[in-house]
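Novice: need a 3D model of the following:
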Amino acid sequence: MATPHDDLFRYTMRHAHHAAGWLAAVLPAAVVAALNWSTLAAAPEQVRDRDLRQHATDPVFVIELLDGSQSGSQSVFLLFEHKSWFDRLAHDQVLRYSVQLANSTRSSSSPPTLVIPIIVYHGKAPWPEQLPAHPHLDPLDGSAKAAIDRLQPRLQFVLDDLSLCTEHELRRPGLTALAQLTRLCLAFLPRLDVAEALAAIERWADLLRAVDRDEGPPPGCDAAAAIARYALQVTEIPTAMLQQIFERILERPEETIMSTAEKLIREGLERGLERGRTEGRTEGRTEGRTEGRTEGRTEGRTEGRAATILRQMQKRFGPVSAEVTERVRTALPAELDCLTDRILDAASLAELFGD
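Specialist: Numbers count the residues shown, from 1 in each chain. Predicted coordinates for the structure are as follows:
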């Protein structure tokens, strides 16, 4: 399931001119010098097989090498994988995607397309230098676990660890305003309280104005709205306050923030309503449908509360497991009340849940 972080990253990086500066900033200098940047383009959809389209939804670009042979230029895929938390299976995932991409263009009449994978990461803690053993080996003892882990295929990739960067470092020359602002938002906004987030947006005002006035693609007003949507989803800034600061920075009326907030609320309600309607149709009674709609509205509001608690848990304790996420999302309203009361004082997840 896509997160707000995924949505913002893909929104910006699906455009080659925003991706170009980002790529040039993170790839090794020798690689940057070997690429013909005038040929950078989104990879054709037909080169990505069904499995890859289903799972690798982050941007993929294709570019030519400068020293292509006379019989035809050598192409390179630049494969992005975005991570907002440390995933122990990221190496396997990127390896699988890279093999699928390389095989998608293999033929006897042309050289295989090379693949350069890039992981963009912005978790709470830096990406570990010493990777833990493969999670499927956890049941084994120490010696067997280490021996088998050493024999597992490992893929080298470019790591763009935003968690290690300062604001100054993320404002890199050569990146578009939208690329710089996207990097700043991903790296900082999810971990800031309201006052800190507002202060950050003030510091980034020059970039926000430049984004808004860019003819695109994407159109500047749409890009500014995407930034506002992300801020609404990952911070506790009140909607009216966010609208006010955007209007002052952009020096124009901003009409999308309120509608975006209403849409986010409506999406949560509609998910609950759809579950209610389905249950009502299964019952086959008008009463069931009516009750389903009522329960759907309540469920939509409960989902919103659960999402807020999960975001607070991530800020306090770091990435939470799928098991914990499911536990919060399926909690009863009374249980959510208890979690809300404890979240500020609990020293650990166990204490938060009263385990």
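Novice: which residue is the nearest non-sequential neighbour of Arg203?
Specialist: Residue nearest to Arg203 in three dimensions, not counting chain neighbours: Glu167, with 7.1 Å by C-beta to C-beta, 6 or more residues apart in numbering. Just so you know, the C-beta spots here come from the backbone N, C-alpha and C atoms, and that holds for glycine as well.
Novice: isn't that neighbour right up against Cys185?
Specialist: No. Look at Glu167 against Cys185 with C-beta atoms under 8 Å: they stay out of range, at 11.2 Å.
Novice: neighbour count: these two, which is higher?
Specialist: Cys185 (28 against 14; other C-beta atoms under 10 Å).
Novice: in the stretch 251-355 of the chain, where is pLDDT below threshold?
Specialist: Scanning the stretch 251-355 of the chain with the threshold set as pLDDT under 70 gives 266-302, 355.
Novice: should've said the stretch 51-200 of the chain
Specialist: Ranges of the stretch 51-200 of the chain meeting pLDDT under 70: 51-57, 68-72, 107-111.
Novice: can you map out the helices along it?
Specialist: 90-104, 142-150, 167-170, 177-188, 194-203 (DSSP state H, counting those that start in this stretch).
Novice: adding distance to Ala306, write those out as JSON lines.
Specialist: Shown next, in JSON lines, are the helices of the stretch 51-200 of the chain (distance: least, C-beta to C-beta, whole Å):
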{"stretch": "helix 90-104", "distance to Ala306": "26"}
{"stretch": "helix 142-150", "distance to Ala306": "36"}
{"stretch": "helix 167-170", "distance to Ala306": "31"}
{"stretch": "helix 177-188", "distance to Ala306": "23"}
{"stretch": "helix 194-203", "distance to Ala306": "20"}
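Novice: still on that earlier bit, residues touching the residue nearest to Arg203, list them.
Specialist: Leu184, Phe188, Arg203 (C-beta atoms under 8 Å, 6 or more residues apart in numbering).
Novice: among the residues you listed, the buried ones, what's the ChimeraX command?
Specialist: The command below creates a ChimeraX selection of those among these that count as buried (16 or more other C-beta atoms under 10 Å):
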select :184,188
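Novice: can you list the contacts of Glu167 in JSON lines and add distance to Pro219?
Specialist: Shown next, in JSON lines, are those (distance: C-beta to C-beta, whole Å):
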{"residue": "Leu184", "distance to Pro219": "21"}
{"residue": "Phe188", "distance to Pro219": "25"}
{"residue": "Arg203", "distance to Pro219": "24"}
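Novice: give the contact list for Leu207.
Specialist: Contacts of Leu207 by C-beta under 8 Å, 6+ apart are Arg171, Ala177, Gln180, Leu181, Leu184.
Novice: would it count as being in a helix?
Specialist: Yes. Per DSSP: H, G, I helix; E, B strand; the rest coil, Leu207 lies within a helix segment.
Novice: state the pLDDT value of it.
Specialist: pLDDT for Leu207: 98.
Novice: ditto for the one 5 residues further on
Specialist: Note for Asp212: predicted pLDDT of 96.
Novice: could you look up the SS state of it?
Specialist: Looking at Asp212 with three-state DSSP, the answer is helix.
Novice: quick check: it touching Pro218?
Specialist: No. Asp212 is beyond contact range of Pro218, at 11.4 Å (criterion: C-beta under 8 Å).
Novice: okay, those two: which has more neighbours?
Specialist: Higher neighbour count among Asp212 and Pro218: Asp212, with 23 against 19, using other C-beta under 10 Å.
Novice: residues contacting that one?
Specialist: Contacts for Asp212 (C-beta under 8 Å, 6+ apart) come out as Gly220, Cys221, Ala223, Ala224, Leu250, Arg252.
Novice: tell me which of the residues you listed is nearest to Ala147?
Specialist: Here the nearest of those to Ala147, counting by C-beta to C-beta, is Ala223; it sits at 50.5 Å.
Novice: can you name the helix or strand that the closest one falls in?
Specialist: helix 220-234 (DSSP states H and E).
Novice: do you know how far the nearest residue to Leu170 once chain neighbours are set aside is from Glu254?
Specialist: Excluding the flanking residues, the one nearest Leu170 by C-beta to C-beta, 6+ apart is Arg183, at 4.6 Å. Separation of Arg183 from Glu254 (C-beta to C-beta, to the nearest Å) stands at 23 Å.
Novice: and what of Pro333?
Specialist: With C-beta to C-beta as the criterion, Pro333 and Glu254 are 34 Å apart.
Novice: try Asp214
Specialist: Computed as C-beta to C-beta, the Asp214 to Glu254 distance reads 16 Å.
Novice: repeat for Asp67
Specialist: Counting by C-beta to C-beta, the gap from Asp67 to Glu254 is 49 Å.
Novice: neighbour count: those two, which is higher?
Specialist: Glu254 (20 against 9).
Novice: okay, and that one sits in which element?
Specialist: Here Glu254 is assigned to no helix or strand, by DSSP H and E.
Novice: tell me which residues touch the residue nearest to Lys83 when sequence neighbours are not counted, please.
Specialist: Leaving aside its chain neighbours, Lys83 sits nearest to Tyr121 (4.7 Å; criterion: C-beta to C-beta, 6+ apart). Contacts for Tyr121 (C-beta under 8 Å, 6+ apart) come out as His82, Lys83, Ser84, Phe86, Trp127, Leu159, Asp160, Asp161, Leu162, Ser163.
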